[in-house]
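A.B. asks: This is a predicted model, with the sequence first.
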Amino acid sequence: QVQLVESGGGLVQPGGSLRLSCAASGFSLDDYVIGWFRQAPGMEREAVSCVSGRNGGTTYTPSVRGRFTISRDPAENTVYLQMNSLKPEDTGVYYCATARIMWLSLASADYSIWGQGTQVTVSS
């Protein structure tokens, strides 16, 4: 069964850190671009970052650049999102998704397989 499962969310104070995981089963991430997206209550879903499963290339939305780091572990068939210096505006449900494309994309329309999401809450 083709599946993505996110984990690692939780409640953290401003300035804190979390590491999210996106584990794939039923297929290899090596042939995909893997993206992280987030959705805050009452807001549209927005892209956070993506990584190429082929060559490890990455891109980030400007609001998280320098604070978040996306990485992949081919042996574990898992992608991670290390989030540092978290802010209240980073709060939301974080989703990982895969796109079978040859370029890095932050457009959700390019992504076809989605996980169920993990909640991240940044609050004091």
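C.D. replies: Cool, got the structure. Numbering: from 1, shown residues only.
A.B. asks: From now on I want contacts and neighbour counts done on CA atoms only, so please keep to that.
C.D. replies: Noted.
A.B. asks: buried set for stretch 43-61?
C.D. replies: Neighbour-count burial for stretch 43-61, counted by 16 or more other CA atoms under 10 Å, picks out 45-53, 58-60.
A.B. asks: Now the most centrally placed residue in the chain: closest residue in space, sequence neighbours ignored.
C.D. replies: When CA atoms, centre = their mean is applied to the chain, the residue found nearest the centroid is residue 36 (2.4 Å). Leaving aside its chain neighbours, residue 36 sits nearest to residue 96 (4.5 Å; criterion: CA to CA, 6 or more residues apart in numbering).
A.B. asks: In a strand, that neighbour, correct?
C.D. replies: Yes - secondary structure assignment places residue 96 in a strand (DSSP: H, G, I helix; E, B strand; the rest coil).
A.B. asks: mind listing the strands in the protein by residue range?
C.D. replies: Taking DSSP state E to define them, one finds strands in the chain at 3-7, 10-12, 18-25, 33-39, 46-52, 58-60, 68-73, 78-83, 92-99, 113-114, 118-122.
A.B. asks: Give me the contact list for the first one.
C.D. replies: Okay, so that is strand 3-7. Outside of strand 3-7, the residues within contact range by CA atoms under 8 Å, 6 or more residues apart in numbering are 20-26, 95-97, 113-118.
A.B. asks: For the closest residue to residue 41 other than its chain neighbours, name its beta-bridge partners.
C.D. replies: The spatial neighbour of residue 41 that comes closest, neighbours along the chain excluded (CA to CA, 6+ apart), is residue 92 at 6.8 Å. Beta bridges link residue 92 to residue 120, judged by DSSP bridges.
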